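In: Fold the following.
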Amino acid sequence: MNPESKASLISQLLLSFPFLVGLIVYLIMVFLSVRRSQKWPLHKSLCWIAGMLLAIVSVAGPLADLAHKDFEMHMVTHLLLGMLAPLLLTLAAPMTLLLRTLSVSKARYVTSVLRSRYSQFFTHPVAASIMNVGGLWVLYTTDLYALMHENIWAHIFVHVHVFLAGYLFTISMIYIDPIPHRKSYMYRSIVLILALAAHGILSKFIYAHPPAGVALNEAEKGSVLMYYGGDMIDAIIIFILCWHWYKSRRPRESELVST
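Out: Purely as a prediction, here's the structure:
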């Protein structure tokens, strides 16, 4: 095995291992919850399984190998790892499941962490948007994209950042799990619109100005995929946000009866 193949294998193992562990831990928590006669929705479990599998496919296996050589395939992994997988994992409500599984004392500790200043910062819509979209601007407009294909640690760092930033962005926009530091629907909607605009502008920028080492035709195909594929996933986030907003404003049945 040549050094390049060995480095690729190591990076794939390191990146896929946390997702595999996350998949197993979630299923164990579901089992514990059901054993305590606390039913857990099947669709949430399916969302978690699908999200974790998509993340693993993005960082290990044939698609990950192709993404290392083809910018269009790289963009496919970007959409899966940084957008679709985080959305599915968010819909799986892992924090809610964790709090149901833990003892009271441990659940209180987790709740205190969620209420901390650090949690407030990383789940703030503006901060999460900057880390997510801003990180992509840095990746595709500097030499970082070329570096990640030459240095194993840069490769790992970029993929970890893309996933974590995508997940924090998603949970900062749609509240499925408990979020102590909640922002209004209007506030999140405005930030979401600005973030989507920045993401769309970046895709158009890539179309005309390919990252270092990327051929123009590959950049064009990848940017088109980023633009329209990103819009499709963003549309789901918009729908969920608007649906939650609608339900929060809809008069309760008791109020309708009294009138």
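
In: switch to C-alpha atoms for all contacts and neighbour counts from now on
Out: Will do.

In: Count the neighbours of residue 150 for me.
Out: Using other C-alpha atoms under 10 Å, residue 150 has 13 other residues around it.

In: same question but for residue 142, I mixed them up
Out: Residues near residue 142, counting by other C-alpha under 10 Å, number 13.

In: which residues of the protein score low on pLDDT?
Out: Residue ranges of the chain with pLDDT under 70: 1-6, 251-259.

In: Whichever strand or helix holds residue 66 - contacts with which helices or strands?
Out: Using DSSP states H and E, residue 66 falls within helix 62-67. Applying 3 or more C-alpha pairs under 8 Å, 6 or more residues apart in numbering; DSSP states H and E, one finds that helix 62-67 contacts helix 42-59, helix 71-79.

In: Give me the contact list for the first one.
Out: Helix 42-59 has contacts (C-alpha atoms under 8 Å, 6 or more residues apart in numbering) with 12, 15-16, 19-20, 22-23, 26-27, 30, 63-64, 77-78, 80-81, 84-89, 91-93, 159.

In: Only the buried subset of these, as a PyMOL command please.
Out: In PyMOL syntax, the buried subset of the contacts of helix 42-59 is picked out as below (16 or more other C-alpha atoms under 10 Å):
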select buried, resi 12+15+16+19+23+26+30+63+64+77+78+80+81+84+85+86+87+88+89+91+92+93+159
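
In: Next step: the contacts of helix 42-59 restricted to helices.
Out: Those of the contacts of helix 42-59 mapping onto helices are 12, 15-16, 19-20, 22-23, 26-27, 30, 63-64, 77-78, 85-89, 91, 159, per DSSP state H.

In: Neighbours of the residue nearest to residue 203 when sequence neighbours are not counted, how many?
Out: Excluding its sequence neighbours, the residue lying closest to residue 203 (C-alpha to C-alpha, 6 or more residues apart in numbering) is residue 223, at 4.9 Å. Neighbours of residue 223 under the rule other C-alpha under 10 Å: 24.

In: List the buried residues of the host helix or strand of residue 223.
Out: Using DSSP H and E, residue 223 sits within helix 216-249. Residues of helix 216-249 classed as buried: 218-227, 229-231, 234, 237-238, 240-241, 244 (neighbour count, 16+ other C-alpha under 10 Å).

In: again with stretch 31-40
Out: So for stretch 31-40, counting by 16+ other C-alpha under 10 Å, buried means 31-33.
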